[in-house]
Every structure is written in C-alpha cells, then in structure tokens.
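>>> I need the structure of the sequence given here:
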Amino acid sequence: MLFSIIIPLYNRPQEIDELLFTLIQQDYQNFEVLIIEDGSKLDARSIVESYSDKLNIRYFYKENEGQGFARNYAFEQANGDYFIIFDSDCLIPKDYLTIVKNHLEHNHLDAYGGPDAAHHSFTPIQKAISYSMTSPFTTGGIRGNKKHVGTFHPRSFNMGISRKVWESVGGFKLTRLGEDIEYSIRIQKAGFKTDLISDAVVFHKRRTNFKQFYKQLHFFGRARINIYKHFSSELKLVHFFPAVFVLFIIGAIIFNLLSLPIAKLANSLLAVYILLLFFHSLIKTKSLKVAFLSVFTSFIQLIAYGLGFIQDFWKRLVVGA
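This is a model prediction of the structure:
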C-alpha cells in the first residue's frame, strides 16, 4: 500500500523541517510526501529539497487559497492508494504508518481520523494547550474521540482518505472555517466507512502562545456556525457550551459588581471548575506548572470559541448577514 502524505504549508519553514525529520524515521517506508506551499512569503523550498535524498518528496508552490484547496491541489498530484493529511505543526511517531497500514489491512476504512497528544519536548504552554484541546472538561474531549455525543468526524490535523473517496466525493469544498468537518460529513453521507484509529496518534504543537491560541479558537467557534449553514443537523448541544460559559462569566462579573447574593454561588461554581481542571491536568501531565497553565488555556479556549460562536451565530443566523 502506497501512502501519499499531504502537508499544506504557510509561512512555517521551521515546522516542516521538524515534521519531515520524523518521517525519515518511519518503520513503514512505502510512502511519498507532497508539500504544498500555499503562497507563503517565508517559503520552505530549500528545507524540503534538503530531504530529497532521504524521502520520496515533492514540493509545489501555488497562490494562496487556504489549506482546504491546497490539499485539493495535492490530491490531484498524488500517486498513493491512500492519502494522509497532516498539519505542518505535527510530529509523527515512528510507528504511525505501520499502525495505520495494519489497521486498514484488517479493518478497512474509507477514511479515518487519529488523536493528538503532547510530545515530551513541548513547552509547558504547548502541553497546557494540548491538555485543554483534549480534556473531557472542555469541548476538547470531542476531538480525537469517538466516545462522544454524535458521529465521529476525522479532523485534518491527522486524517486519511482512500483514493476511492477522492475519486467519488471529490476534495474540500471549503478552504477554511471548518473545512475538514464539512468534508468528513460529506464522506459519511456518501456511504463510506469512517472511524477513529485510536492508536494513530500524532504530537500536535498547535499555537505557541496565548494570543495565537485565542485567535485560533475564536476561528473554530466561527467555523462551527459555518458547518451549521451546510449541515443543520450537525449543531449539537455540546457546541453551545463555550457560549454558555462566556455568558456565565459575564453574569458572574455583573453579580459581583452589584454585590448580588447569587454571586457567591457563581464564585463557588467557578472555583470548583478551576480546581477540577487543575487536578485533572496535574494527574494527566504530572506537572504543577502545566496544570496551572492548563487552567488559563482552558479558559482561553472556552472564551475564544464561545465569542467566535456567538459572533457568527448572531451575524449569520439572527441578523442573516
């Protein structure tokens, strides 16, 4: 089985260097790599070319259109039986392709997704961000986990599709704002078999500081409304949780400013939630510093996602813009 590994890239030359280094070390070597430079000003051509004697790799430069259409461009160039999509900020464990190959040979899937985790080399902030994005106590628990409410949708940071899927369904219709979820839903509605390969883990760096993380999650909140505009049945109660959390925080601030009796209850609930996040992260990460930072990243995640969700809910569904 030939895998085509597809990686869209935008102004992140250092990241692709780290990712490609992990691909050299793969146990299973029957794969090609396609790097699609999506109109970057900081291109990675020289870095990619430095791997030409170590990997079956091709580099393409195209006008900037966003990651969805960059992946479509790669699909058209790919030779593989199966296409695997990674984000450029991932590190790939050496047994990843072996795990995927063995799973597909014994339990074929037309498309799959895999979970993400924090690598031991990540900074404390990156580990805290990873915690908040995968914790059951934030909406992160629905990513890379099929044991949640609703259908599991593979996400493009760690996702694979068969050539047959691409030939039948086509590529991404959206280039941003939830393009991977829209694609997964379309694949499933076409009758293809999709599932999580729970052992196909990647180490996902995500954003490296609080400001970048906030901007990314605000974008994710807006993306959920974009998905609803295409598939109304895909808006679940769990997706409203960050928006409700934002309203609760605003309410708690008002209750305290006005010295209302309900402020004590609101403060107690917040304190319980903060302690829950802290001690759960401490158990998972075994680091006091990461556990402390996890409280901040969890609040950033929920507030940013909630505000983005509220913004586009009001703009696109209430006002109708």
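>>> Could you use CA atoms for every contact and neighbour count after this?
Noted.
>>> What about I57, how many residues nearby?
18 (other Cα atoms under 10 Å).
>>> Report the beta-bridge partners for it.
V33 (DSSP bridges).
>>> residues contacting it?
32-35, 48, 51 (Cα atoms under 8 Å, 6 or more residues apart in numbering).
>>> For stretch 84-91, buried residues please.
Residues of stretch 84-91 classed as buried by neighbour count (16 or more other Cα atoms under 10 Å): 84-91.
>>> Give the buried residues for stretch 264-271.
Applying a neighbour-count criterion of 16+ other Cα under 10 Å, one finds 266-267 buried in stretch 264-271.
>>> Need the max-distance pair from the contacts of I57.
E32 and V48 (12.9 Å; Cα to Cα).
>>> returning to that earlier point: just the closest of the buried residues of stretch 84-91 to Y61, please.
S88 (15.2 Å).
>>> How about the contacts made by the closest one?
7-9, 12, 15-16, 19.
>>> Now with 6 Å, please.
15-16 (Cα atoms under 6 Å, 6 or more residues apart in numbering).
>>> where's it relative to Y131, distance?
Computed as Cα to Cα, to the nearest Å, the S88 to Y131 distance reads 20 Å.
>>> how close does Y112 sit to V319?
Per Cα to Cα, Y112 is found 37 Å from V319.
>>> Mind checking which of these two has more residues around it?
Neighbours per residue, other Cα under 10 Å: of Y112 and V319, the larger number sits with Y112, 26 against 9.
>>> Give me the phi and psi for that one.
Per-residue torsions, Y112: phi -140, psi 160 (degrees, to the nearest 10).
>>> Could you double-check that it sits in contact with F157?
No. Y112 is beyond contact range of F157, at 11.6 Å (criterion: Cα atoms under 6 Å).
>>> Low-confidence regions, the stretch 1-150 of the chain specifically.
Scanning the stretch 1-150 of the chain for pLDDT under 70 picks out the ranges 140-150.
>>> Where do the strands of it begin and end?
Under the criterion DSSP state E, counting those that start in this stretch, the stretch 1-150 of the chain contains strands at 3-9, 31-38, 57-62, 82-86, 90-91, 111-113, 116-117.
>>> Quick check: which of those has the most neighbours on average?
Of all the strands of the stretch 1-150 of the chain, strand 111-113 carries the top mean neighbour count, a mean of 27, counting by mean count of other Cα atoms under 10 Å.
>>> Now find how far off-centre it is within its chain.
Relative to its parent chain, strand 111-113 has a centroid offset of 13 Å by Cα atoms, centre = their mean, to the nearest Å.
>>> any chance you could map the helices in the protein?
In the chain, the helices defined using DSSP state H lie at 13-24, 45-49, 67-77, 96-106, 124-134, 163-169, 179-189, 210-230, 241-257, 262-285, 288-312.
>>> closest one to F152 among those?
helix 179-189 (8.9 Å).
>>> what's the angle between that closest one and helix 67-77?
Using axes from the mean of the first three to the mean of the last three Cα atoms, to 10 degrees, the direction of helix 179-189 lies 60 degrees away from that of helix 67-77.
>>> tilt between helix 179-189 and helix 210-230?
Counting by the same axes, to 10 degrees, helix 179-189 lies at 30 degrees to helix 210-230.
>>> pull the CA atoms of helix 179-189 into CSV?
C-alpha atoms of helix 179-189 as CSV (Å, rounded to 0.1, in the frame of the first residue of the first chain):
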residue,chain,number,x,y,z
GLU,A,179,-13.5,22.6,6.0
ASP,A,180,-12.4,19.3,7.5
ILE,A,181,-15.7,18.7,9.3
GLU,A,182,-17.7,19.6,6.2
TYR,A,183,-15.6,17.1,4.2
SER,A,184,-15.9,14.3,6.8
ILE,A,185,-19.7,14.7,6.9
ARG,A,186,-19.9,14.6,3.1
ILE,A,187,-17.8,11.5,3.0
GLN,A,188,-20.1,9.8,5.5
LYS,A,189,-23.2,10.9,3.7
